[in-house]
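> this is the structure alone, sequence omitted:
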């Protein structure tokens, strides 16, 4: 059955109207969409069209963007840009991260998703561009923090509010002897000595209240049973809403420092004990001008060696000086002391 010419004309008008409505709808979406959108000629690399979001993002007017070479904003080498344009024109789906330069010279990192659209026997490239600079910086900061944590000699551990270990860095592996696979998922009591008070509940209560614990000294146990002295600094971990969801602990091995301190205290104690034993003679000592005895505090007269021995650490040995030797033992004087010694001593 043939369709009347009139009906055929009506159908053609309807199709054209629908196509126009579709094009108008696409144009409206293109111009008003919040995402940056560009249409690019894959052969010349010229921007054919741009939406308002592109105008706001790049800082160029739409009229300025139209006819601009894509290499003016895309900072890839020109040869690489042309190669990518040809690949997308041939049907490849392009999803890459590029550095783009804005009108003010600022460099932003963007995520570009491009697809090829048939147009009057040829193709144009339709690109949707998202600014991911802040996300990339956040990821870089996160990576940097992760690198710092992993390379730290201190043990850095995170745990939830039940005390279950969530992360375990290389420093913790070296300090405690447990691998990350062995430690993560276990209770932090894994490294608390069985005969030592477990401070974990007390510390977690402080963390739940948002308090920090700094330089808390305690004892921990390694996998092989060795006890070590550690200094803990614990901070609360909060979610985006500010709610405390866990704790991050940094542990420093202070066993050597504790040993040095103990040895120093021992030396000080020994020194103080030695000083306490030393008796010093001071003040006015009554001494007999004839026999040379000394009167003590109780009024008794003592031999000088007896008094000095009782009031100091000095010990006495007896000898005869040259003068007394000459007087008491003249027959042995020259033989024992000698004339030279006498002269020296008498000075």
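Received the coordinates, thanks. All values derive from a computational prediction rather than experimental measurement. Numbering: from 1, shown residues only.

> that's a helix at residue 195, yeah?
No. Per DSSP: H, G, I helix; E, B strand; the rest coil, residue 195 lies outside any helix segment and is coil.

> where's residue 332, which helix or strand?
In the assignment (DSSP states H and E), residue 332 maps to helix 330-336.

> need the residues that contact that helix.
322, 325, 326, 329, 342 (Cβ atoms under 8 Å, 6 or more residues apart in numbering). (Glycine included, C-beta is placed from N, CA and C.)

> what ranges does the stretch 201-347 of the chain have for its strands?
213-221, 227-238, 244-253, 294-295, 301-302 (DSSP state E, counting those that start in this stretch).

> the stretch 1-150 of the chain now?
Under DSSP E, counting those that start in this stretch, the stretch 1-150 of the chain gives strands at 36-40, 47-50, 94-101, 107-119, 122-131.

> which one of the ones you listed lies nearest to residue 247?
When the strands of the stretch 1-150 of the chain are compared by Cβ to Cβ, strand 107-119 sits nearest residue 247, at 33.9 Å.

> list the strands paired with that closest one, with their directions.
Strand 107-119 has its sheet partners listed here by DSSP bridges as strand 94-101 (antiparallel), strand 122-131 (antiparallel).

> pick the most deeply packed of these.
Among the strands paired with strand 107-119, ranked by average contacts under mean count of other Cβ atoms under 10 Å, first place goes to strand 122-131 (a mean of 18).

> compute the inter-axis angle for that strand and strand 36-40.
Calculated by axes from the mean of the first three to the mean of the last three Cα atoms, to 10 degrees, strand 122-131 forms an angle of 150 degrees with strand 36-40.

> and strand 122-131, average pLDDT?
What strand 122-131 shows for mean pLDDT is 87.

> quick one, grab the pLDDT at residue 135.
90.

> equivalent analysis for residue 19, please.
Residue 19 is given a pLDDT of 52.

> swap in the one 10 residues further on?
Looking at residue 29, its pLDDT is 74.

> look up how far residue 53 lies from it.
The spacing between residue 29 and residue 53, counted by Cβ to Cβ, to the nearest Å, is 12 Å.

> ok, those two, which is more surrounded?
Neighbour comparison, residue 29 and residue 53: the larger count goes to residue 53, with 19 against 11 (by other Cβ atoms under 10 Å).

> hmm, back to that, just send the contacts of helix 330-336 back as a markdown table, with neighbour count, distance to residue 142 and pLDDT too.
Compiled in a markdown table, the contacts of helix 330-336 are given as follows (neighbours: other Cβ atoms under 10 Å; distance: Cβ to Cβ, whole Å; pLDDT from 0 to 100):
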| residue | neighbour count | distance to residue 142 | pLDDT |
| --- | --- | --- | --- |
| 322 | 18 | 90 | 79 |
| 325 | 18 | 93 | 74 |
| 326 | 17 | 97 | 78 |
| 329 | 13 | 97 | 77 |
| 342 | 16 | 93 | 43 |
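
> so what's residue 103 closest to, chain neighbours aside?
residue 59 (3.2 Å; Cβ to Cβ, 6 or more residues apart in numbering).

> try residue 257
Sequence neighbours aside, residue 229 is the residue nearest to residue 257 in space, at 7.7 Å (criterion: Cβ to Cβ, 6+ apart).

> residues touching that neighbour, list them.
Residue 229 touches 217, 218, 219, 253, 254, 255, 257, 258, counting by Cβ under 8 Å, 6+ apart.

> give me the beta-bridge partners of it?
Under the criterion used here (DSSP bridges), residue 229 is bridged to residue 219.

> would you mind listing where the chain has pLDDT under the threshold?
Applying pLDDT under 70 to the chain flags the ranges 1-27, 92-94, 120-121, 274-283, 313, 336-347.
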